[in-house]
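In: Model the structure of this input:
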Amino acid sequence: MISLTSPVETWAHRVPAGVKLAALSLATVGLFALQDPWHLAIALAAVVALVLSGGLAFAAEAARSLRILLPFLGLIAVWHLVTGQLAEGLAVALRLLAALSLANFVTMTTRLTDMVAVAAWLLAPFRRFGLSTRALELSVALAVRFTPSIARKGGLLTEAWRARSARRAGWQVVMPLAALAIDDAEHVAEALRARGGVEPPEFTG
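Out: Got it, this is the predicted structure:
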């Protein structure tokens, strides 16, 4: 697994995690409310300006982490071009790129422990009814931590396939990627068991 927080310090690192996550939620809702490609292009430009405010080194790192989206966005564009819905396809691509770039910005400037702390705060009312939220908090942490790791390994498998075959990689990399994901999950499960499980027992002196 890899650390998602950028080592390049920016002003956004000092903004509280709750504020950033709330702003991300509102901005995402706003992006999905927009339908006009021109409006979405302006929104994307604003997101790009936000990322650039962290400096060129930070922006370059953010761009590298989003390269995996390019084939997917290209597929969307080709599909809508074939079906004669170019404007709709452009809107979908711009919306996804803006939303994911914004989410990536928040992830890169927020420590995982701070994200989990926000999740714990949001789930606090459930604990008043005697419900344990530890498993859900851990799920949030693992999802945030594992997703880019699995995506990175998928990219490596695709590159390995291209080095051995002239054909485009497709379902051939699904099983190896699933095996890698299961292997990672087993390692995490072993680590959790070694620490007493999701709900470690409380020791009383």
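In: Tell me which residues touch Ala194, please.
Out: Contacts for Ala194 were tallied using Cβ atoms under 8 Å, 6 or more residues apart in numbering; there are none. C-beta here means a position set from N, CA and C on the backbone, and glycine is covered the same way.
In: how much space between it and Asp184?
Out: For Ala194, the distance to Asp184 (Cβ to Cβ, to the nearest Å) stands at 16 Å.
In: Next, Leu69: phi, psi?
Out: phi -80, psi -20 (degrees, to the nearest 10).
In: Just confirm it contacts Leu100, I think it does.
Out: Yes - contact criterion Cβ atoms under 8 Å: Leu69 and Leu100 qualify, at 6.3 Å.
In: Now for the protein, the helix or strand with the poorest mean pLDDT.
Out: Counting by mean pLDDT, DSSP states H and E, the chain has its least confident helix or strand at helix 134-164, which shows a mean of 70.
In: Which residue ranges of the protein form helices?
Out: 17-33, 37-52, 56-65, 69-82, 86-108, 112-127, 134-164, 174-194 (DSSP state H).
In: can you list those in JSON lines and add distance to Val8?
Out: As requested, the helices of the chain are exported to JSON lines (distance: least, Cβ to Cβ, whole Å):
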{"stretch": "helix 17-33", "distance to Val8": "16"}
{"stretch": "helix 37-52", "distance to Val8": "11"}
{"stretch": "helix 56-65", "distance to Val8": "4"}
{"stretch": "helix 69-82", "distance to Val8": "21"}
{"stretch": "helix 86-108", "distance to Val8": "8"}
{"stretch": "helix 112-127", "distance to Val8": "17"}
{"stretch": "helix 134-164", "distance to Val8": "17"}
{"stretch": "helix 174-194", "distance to Val8": "26"}
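In: care to break this protein down by domain?
Out: Segmentation of the chain into domains, based on automatic domain parsing, reads 11-110, 114-194.
In: Select from those domains the stretch with the lowest mean pLDDT.
Out: Among the domains of the chain, domain 114-194 has the lowest mean pLDDT, at a mean of 73.
In: The closest residue to Gly18 other than its chain neighbours: how many residues sit nearby?
Out: Nearest residue to Gly18 in three dimensions, chain neighbours excluded: Val118, at 5.0 Å (Cβ to Cβ, 6 or more residues apart in numbering). By the criterion of other Cβ atoms under 10 Å, Val118 has 19 neighbours.
In: ok, Val118 - contacts?
Out: Contacts for Val118 (Cβ under 8 Å, 6+ apart) come out as 17-18, 21.
In: Of those residues, keep whichever come out buried.
Out: 17, 21 (16 or more other Cβ atoms under 10 Å).
In: need the contacts of Val118 in JSON lines with distance to Gly84, can you?
Out: Shown next, in JSON lines, are these (distance: Cβ to Cβ, whole Å):
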{"residue": "Ala17", "distance to Gly84": "44"}
{"residue": "Gly18", "distance to Gly84": "44"}
{"residue": "Leu21", "distance to Gly84": "39"}
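In: So which bits of stretch 49-59 are buried?
Out: By neighbour count with 16+ other Cβ under 10 Å, stretch 49-59 contains the buried residues 51, 54, 58-59.
In: from those residues, which two are the most distant?
Out: Distance extremes for the buried residues of stretch 49-59: the farthest pair is Val51 and Phe58 at 7.3 Å, using Cβ to Cβ.
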